[in-house]
Each structure stands twice: as C-alpha cells, then as structure tokens.
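**Q** starting from these lines, generate the structure:
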Amino acid sequence: MPARVVRGEINASESLSRVSMEAELTFRALITAVDDYGRFDARPGALKAALFPMRDSVTAARVARWVAELAEEGCIALYWVDGRPFLQLTGWEKHRGSSKRAGSSKYPGILESGDSPEIRGNPGDPSESRESGVGTRESRVESLE
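**A** This is a model prediction of the structure:
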C-alpha cells in the first residue's frame, strides 16, 4: 500500500463539512485505501474490511450509508462495471501530488462520456437500471441509500 500524505487543508473542506463526521472519517480512510488513481471496490463488505477492520461496531450497512453521503455531496463517484460497484475520489487528480503512480489502475474507471450520469436508488439490487448494461462498463453515479 502506498504512503499517503493528508494535507491540513482537508480540515477546511466545504464539501466534507456538509457530511456527517462518520462520512468524513470514511473519506479520510478511503484516502489510504484507494489505488494510485483514486479508485476502489465499492462493495460494502469490502469497504468495511478495508476501512474499519478492527471496529466491530461498524457494519457494512453503516459504511454503505456513509459512502452514499459522500457520493451525494460529490466527494466520490460511485459507478458499476460488469455488475460490480466501484468508487472514485472525485478530486483525486487535483490533490494527489507528484508521487509516483502505478502504470495502470487496479480497478476500472468511469467511462468518459458527455452524458450525465444516471442516478439509481439501490446499488444492492444490481438488476435495477442495468438491463442493457450487463457485461459492459457503465458510467453511472450510484446512491447507496
């Protein structure tokens, strides 16, 4: 896992000031978990295991709610690729600094498109809004609420 530097300016973040403290803590934990491209597996169980492995009181469902808060505020983008949810920190490129980067991401990215992303209610139900998207990369922003 690469070393990450969190700058003090994060404490004055307008967007993070509008989410719950738990969601902000989740964002800070994501900074250390994402790959060099700011992406990560967005399955709630994978997020719980990576972000809060020693906190028994934190459940995958709670992490999913906090991630949904971050997505609603625009701090992260949630999207599906081949039936699996992923996330990407939206300001990653601006804040990542000049550290060395892996040649490619461990996770697929959001498709670049001029279309606005489709917002869907429950990513826990992969059948909803994905009739024609199975087996393809989709550019969708998801809500975990």
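
**Q** what are the boundaries of the strands in this protein?
**A** 39-41, 76-81, 84-89, 118-120, 140-142 (DSSP state E).

**Q** where are the low-confidence patches of the protein?
**A** Along the chain, segments meeting pLDDT under 70 span 1-8, 12, 92-103, 111-145.

**Q** which residues in it form helices?
**A** For the chain, the helices defined by DSSP state H cover 14-17, 21-33, 44-51, 60-73, 92-95.

**Q** turn those into JSON lines, columns for distance to residue 80 and mean neighbour count.
**A** Yep, even glycine has a C-beta here, placed from its N, CA and C like the rest. JSON lines is the format used below for these (distance: least, Cβ to Cβ, whole Å; neighbours: other Cβ atoms under 10 Å):
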{"stretch": "helix 14-17", "distance to residue 80": "23", "mean neighbour count": "12"}
{"stretch": "helix 21-33", "distance to residue 80": "18", "mean neighbour count": "18"}
{"stretch": "helix 44-51", "distance to residue 80": "14", "mean neighbour count": "18"}
{"stretch": "helix 60-73", "distance to residue 80": "13", "mean neighbour count": "20"}
{"stretch": "helix 92-95", "distance to residue 80": "19", "mean neighbour count": "12"}
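
**Q** how about those in TSV, adding distance to residue 79?
**A** TSV is the format used below for the helices of the chain (distance: least, Cβ to Cβ, whole Å):
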stretch	distance to residue 79
helix 14-17	19
helix 21-33	15
helix 44-51	15
helix 60-73	10
helix 92-95	14
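
**Q** and the ones you listed: which comes nearest residue 81?
**A** Taking Cβ to Cβ, helix 44-51 is the member of the helices of the chain nearest to residue 81, at 14.2 Å.

**Q** now that closest one - C-alpha only, PDB.
**A** Only the C-alpha atoms of helix 44-51 are listed here, as PDB (Å, rounded to 0.1, in the frame of the first residue of the first chain):
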ATOM      1  CA  PRO A  44     -20.000  -2.600   1.300                       C
ATOM      2  CA  GLY A  45     -18.300  -5.600   2.800                       C
ATOM      3  CA  ALA A  46     -15.000  -4.800   1.000                       C
ATOM      4  CA  LEU A  47     -15.200  -1.200   2.200                       C
ATOM      5  CA  LYS A  48     -15.900  -2.300   5.800                       C
ATOM      6  CA  ALA A  49     -13.000  -4.700   5.700                       C
ATOM      7  CA  ALA A  50     -10.500  -2.200   4.200                       C
ATOM      8  CA  LEU A  51     -11.600   0.900   6.100                       C
END
